[in-house]
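J.: with the sequence up front, the predicted model follows.
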Number of protein chains: 2
Amino acid sequence: MGKEQILLGHGSGGKLSHNLIAEKILPFFTNAELAKLDDAAVVNIDGRRVAFSTDSYVVDPIFFPGGDIGKIAVCGTVNDLAMMGAKPLFLSSGIIIEEGFELDHLQKILTSMRQMAEEAGVDIVTGDTKVVPRGAVDKIFINTSGIGLVAQNISVSGHNARIGDQIIINGPIADHGITVMANREGLEMDVELRTDSAPLNHLVQKILDCAPEVHVLRDPTRGGVATTLNEIAIQSRVGIKIYEAELPVSPGVQSACEILGLDPLYIANEGKCLIFCAREKTGDIINLLKKQKYGAGARIIGEVLAESPGKVYMETLIGGQRIIDMLAGEQLPRIC
Amino acid sequence: MGKEQILLGHGSGGKLSHNLIAEKILPFFTNAELAKLDDAAVVNIDGRRVAFSTDSYVVDPIFFPGGDIGKIAVCGTVNDLAMMGAKPLFLSSGIIIEEGFELDHLQKILTSMRQMAEEAGVDIVTGDTKVVPRGAVDKIFINTSGIGLVAQNISVSGHNARIGDQIIINGPIADHGITVMANREGLEMDVELRTDSAPLNHLVQKILDCAPEVHVLRDPTRGGVATTLNEIAIQSRVGIKIYEAELPVSPGVQSACEILGLDPLYIANEGKCLIFCAREKTGDIINLLKKQKYGAGARIIGEVLAESPGKVYMETLIGGQRIIDMLAGEQLPRIC
C-alpha cells in the first residue's frame, strides 16, 4: 500500500478539506483562535482587538468575466476580515510568478488589486514577490493577508448562531464559481455570466451600525452556501433549515449549473454574505441591504432550529425535506 | 519583438528584483509604508504600532540539512518582524500543496513550523490550505504573514543608518544558501553544511534592551549580505565599507562556494542579522551577542561613511578597495 497522499478534494473547501484541517493540520497548532476556524482570527494586541486573516488564490483561468485573480485576492481577504465584524485596514501581497509570465498580465492584475483596495479603503503596505522556474507554478499565485480592527461591542463568529435566528443572504448565489468553470470549460451561454467578486466591508459596516448584535457573518466561498451553513451548524451546535423556494439563483447561473451538472448550493461565491440575526432585526437589515450596491438581491433564505444540531436541511419546493451535506469531493479545483 | 516577460532573475532578491518592485509593482500601490521597502511595514492600529510582514517560501528541495520549508517559513517571517524592532506575536500560514504530496511530508513540515513557532513564542492563529492539480505547483509552497508590536521608543529602519555607525553581524555568512544549493546539486562535501535558519527575535529583543537606539536591523536573506547592504546604503543615502578580513565564512561554506563558483557575499542567510549602531555601543552589543545561542560568532564587519552615498565598498585583504554591487542576475532560484 502506498503512502497516504494529499488529494485534490482536500482543497475543495468541503468535507475532505474540513477533515484534513481538523485531523491533520490543527493538531499541530493548538491555540484558541485557530481552533475556532472562523474566517479570521481575532487577537489581542496591547488591548486592541485585531482581526488577522490569510488566503492564497490559485484560480484558473486568472482572467474571467468580471474579474481576475488580483480582484478576488483583495476582495477575499477584505471579506474574511469583514466577516469577523472588523474594519479592514491593511493588506499584504505575496505573489509567486512563473518565469516567462507576461508583464502586461502582471500589471493588469496589479491594477485590479489597486482598484479593489481603493474601493475597500485598505492599504497594501507590505509585499513579497518570488519568481520560480517554468513549470514550478502555473502562471501566478497570490497570497493576501490582512489585518483589521474589531470594535469592542462586536461579537461575530460562526459559533454564535442562536435558535430562532433568521438567515439572510445579500443576493444570488453561485455566480463566481460558475463563471470561472464556464470560462475554463469554454461553455457558450446566451446570458452573460460574471463573477460576483466584491469588497463587502462597507456593506457589513452598515449592517453592524444597524444591528451590532448580529450573531454570524460568513462569506460562502469554496464549498458554497451548503458547506458554509454546515460549518456554522457544527460550530454553533444548531440545526439549520433553508427554503428552496427562497434561494436566489440567476437564470443564467441556473442554466449553466444544469449544463455542467452542478448544484448552485455548492458553488463558490466571492461577493456574498450570510447574516444570522434575531428575527426582530431581519426586516431592518433587509431594507438596509436593498439600498446597497452589493445588497439589492437580499432575502431571507433560512432559519436556525433546535432540532438536529450540526445538520442542515432544505425545505424543498414540493414541501419535503432533504439533508444538505457538506461538499463531499473535489467538485471545483482552483476556483479561487 | 515578444512581449516583456518576467525573468527568473526578477526573483533573485538582487538588482532585477529591486527594479521589478521599484518600477513595475510599487507604482500601483502608493503608500508611505510600502514605499519604505523595509522588512515589514509598521502601521498604526488605534494608537498601537503594529509591524506587519509577509513572505512566500518556494525553496527546492523542501528538506535540507538543518531544516525544511516549514522551518524557514516561520523563522523568516518572525525575523522580518524582529528586524523592525517588533515583538512578533501572531503568524498566518497559507499553504499550497500539489495533489499527490505525501501526508508524511506535510506533517514533518508542520512539525517544524510548530517547533519554530514555540521557540519564537508566536502563535499561528489563522491559516488557509489549497490543493492544486499535479503540475500546477512544485510540491508545496508556504506563505507566512506575521504581526508584532513595536515599542513606542523603537525606531529601526533601513533608512536610519548614520555616518559613523559600525556594522555588526551575528555569525558566519552564506550557510543557508550554500546548504540548499549543495543539496540540490548533490554536492559531496567532507564537512557538514547546515542551514543557519533560526528565529532571531529573542536575540534582537536583547539587543534592543541593551541599545534601544540601534539604527538598522536587517536580515540578509535573498541576495545575501552584499545586496542587503546596498539596499541600506540606498535607503539611508550613505556609503558603506566592509572589511574582507572580518567577513566570517566557515571553511566548509568557503570550499562549497569555490566548487560552485559562488561568492558568499551574495548567498542567502536565514539566521543572520546586520546591526547598525553608534560606535560607542558596539562593544556592549558584541559582548551580549557572544553569550547568545545565535550570536556566538558575532563581529564587526564594516562601517558607515559619508563618501559615495548609495554605494558599498570592500576593503580587500591586500588593502585595496572594490565596489560591492547588488546581486545582478539569477544566481540562486528557489533558495528560500
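T.: In hand now; what should we look at?

J.: from here on, contacts and neighbour counts on C-alpha atoms
T.: Fine.

J.: where in chain A is pLDDT low?
T.: A:1, A:330-331 (pLDDT under 70).

J.: helix, strand or coil for the residue most central in space within it?
T.: Centroid check for chain A by Cα atoms, centre = their mean gives A:Thr221 as the closest residue, at 2.9 Å. What DSSP: H, G, I helix; E, B strand; the rest coil gives for A:Thr221 is coil.

J.: check A:Gly295 too.
T.: coil.

J.: shouldn't it be in contact with A:Ile275?
T.: No - if you go by Cα atoms under 8 Å, A:Gly295 and A:Ile275 don't touch, sitting 11.8 Å apart.

J.: spit out the contact partners of the residue nearest to the centre of chain A.
T.: A:Thr221 makes contact with A:Thr228, A:Ile267, A:Ala268, A:Asn269, A:Glu270, according to Cα atoms under 8 Å, 6 or more residues apart in numbering or on different chains.

J.: now do 7 Å
T.: The neighbours of A:Thr221, taking Cα atoms under 7 Å, 6 or more residues apart in numbering or on different chains as the test, are A:Ala268, A:Asn269, A:Glu270.

J.: tally up the residues packed near the second one, please.
T.: Read that as A:Asn269. Using other Cα atoms under 10 Å in any protein chain shown, A:Asn269 has 30 neighbouring residues.

J.: same question, A:Phe63
T.: Around A:Phe63 there are 17 residues (other Cα under 10 Å).

J.: so what's the closest residue to it other than its chain neighbours up against?
T.: Nearest residue to A:Phe63, sequence neighbours excluded (Cα to Cα, 6 or more residues apart in numbering or on different chains): A:Ile69, at 6.6 Å. Residues near A:Ile69 by Cα under 7 Å, 6+ apart: A:Tyr57, A:Val59, A:Ile62, A:Phe63, A:Ile109.

J.: repeat for A:Leu16
T.: By Cα under 7 Å, 6+ apart, the neighbours of A:Leu16 are A:Gly9, A:His10, A:Ala328, A:Gly329.

J.: a markdown table please, covering those residues and showing distance to chain B.
T.: What follows is those, written out as a markdown table (distance: Cα to the nearest Cα, whole Å):
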| residue | distance to chain B |
| --- | --- |
| A:Gly9 | 8 |
| A:His10 | 6 |
| A:Ala328 | 15 |
| A:Gly329 | 12 |
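
J.: list the neighbouring strands of the strand ranked longest in chain A plus their orientation.
T.: Counting by DSSP state E, the longest strand found in chain A is strand A:86-98. Here strand A:86-98 has these sheet partners by DSSP bridges: strand A:123-132 (parallel), strand A:140-150 (antiparallel).

J.: give the next helix or strand downstream of that strand.
T.: helix A:103-120 (DSSP states H and E).

J.: that next one packs against which elements?
T.: In terms of contacts (3 or more Cα pairs under 7 Å, 6 or more residues apart in numbering or on different chains; DSSP states H and E), helix A:103-120 is packed against helix A:69-82.

J.: show me what counts as buried in the helix it packs on.
T.: By neighbour count on 16 or more other Cα atoms under 10 Å in any protein chain shown, the buried set for helix A:69-82 is A:69-82.

J.: can you show me the CA trace of it as PDB?
T.: Provided in PDB are the C-alpha atoms of helix A:69-82 (Å, rounded to 0.1, in the frame of the first residue of the first chain):
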ATOM      1  CA  ILE A  69      -7.000  36.700  -9.600                       C
ATOM      2  CA  GLY A  70      -6.000  40.100  -8.300                       C
ATOM      3  CA  LYS A  71      -9.600  41.200  -7.700                       C
ATOM      4  CA  ILE A  72     -10.500  38.100  -5.700                       C
ATOM      5  CA  ALA A  73      -7.200  38.200  -3.800                       C
ATOM      6  CA  VAL A  74      -8.000  41.600  -2.400                       C
ATOM      7  CA  CYS A  75     -11.800  41.200  -2.000                       C
ATOM      8  CA  GLY A  76     -11.500  37.800  -0.500                       C
ATOM      9  CA  THR A  77      -9.200  38.900   2.400                       C
ATOM     10  CA  VAL A  78     -11.100  42.100   2.900                       C
ATOM     11  CA  ASN A  79     -14.300  40.000   3.200                       C
ATOM     12  CA  ASP A  80     -12.700  37.500   5.600                       C
ATOM     13  CA  LEU A  81     -11.900  40.400   7.900                       C
ATOM     14  CA  ALA A  82     -15.300  42.000   7.500                       C
END
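
J.: quick one: that helix to strand A:123-132, angle?
T.: 130 degrees (axes from the mean of the first three to the mean of the last three Cα atoms, to 10 degrees).

J.: okay, A:Gly295 and A:Ile275: which has more neighbours?
T.: Neighbour totals were compared for A:Gly295 and A:Ile275, and A:Ile275 leads with 25 against 22 (other Cα under 10 Å).

J.: residues of the stretch 101-250 of chain A that sit close to chain B?
T.: Applying Cα under 7 Å from any Cα of the partner chain, we find that the stretch 101-250 of chain A lies next to chain B at A:101-103, A:110-111, A:114, A:124-133, A:136-138, A:143, A:145.

J.: does A:Ala278 touch A:Asp165 like I think?
T.: Yes - counting by Cα atoms under 7 Å, A:Asp165 is a contact partner of A:Ala278 at 4.6 Å.

J.: look at these two and report which has more neighbours.
T.: Set side by side, A:Ala278 and A:Asp165 show more neighbours around A:Asp165, with 23 against 19, by other Cα under 10 Å.

J.: list phi and psi for the more buried one.
T.: Here is the backbone geometry of A:Asp165 (degrees, to the nearest 10): phi -60, psi 150.

J.: swap in A:Val50?
T.: Dihedral angles for A:Val50 - degrees, to the nearest 10 - are phi -110, psi 130.

J.: check contacts around it.
T.: A:Val42, A:Val43, A:Asn44, A:Ile147, A:Gly148, A:Leu149, A:Val150 are the contacts of A:Val50 under Cα under 7 Å, 6+ apart.

J.: one more: A:Tyr57?
T.: A:Ile69, A:Ala73, A:Phe141, A:Ile142, A:Asn143, A:Cys336.

J.: where along chain A do the helices fall?
T.: For chain A, the helices defined by DSSP state H cover A:15-19, A:32-35, A:69-82, A:103-120, A:175-185, A:201-210, A:224-236, A:251-260, A:279-290.

J.: okay but A:Lys130 is in contact with B:Gly14, surely?
T.: No - under the criterion of Cα under 7 Å, A:Lys130 is not in contact with B:Gly14, lying 11.7 Å apart.

J.: picking that back up, and the furthest pair within the buried residues of helix A:69-82?
T.: The most widely separated members of the buried residues of helix A:69-82, counting by Cα to Cα, are A:Ile69 and A:Ala82 (19.7 Å).
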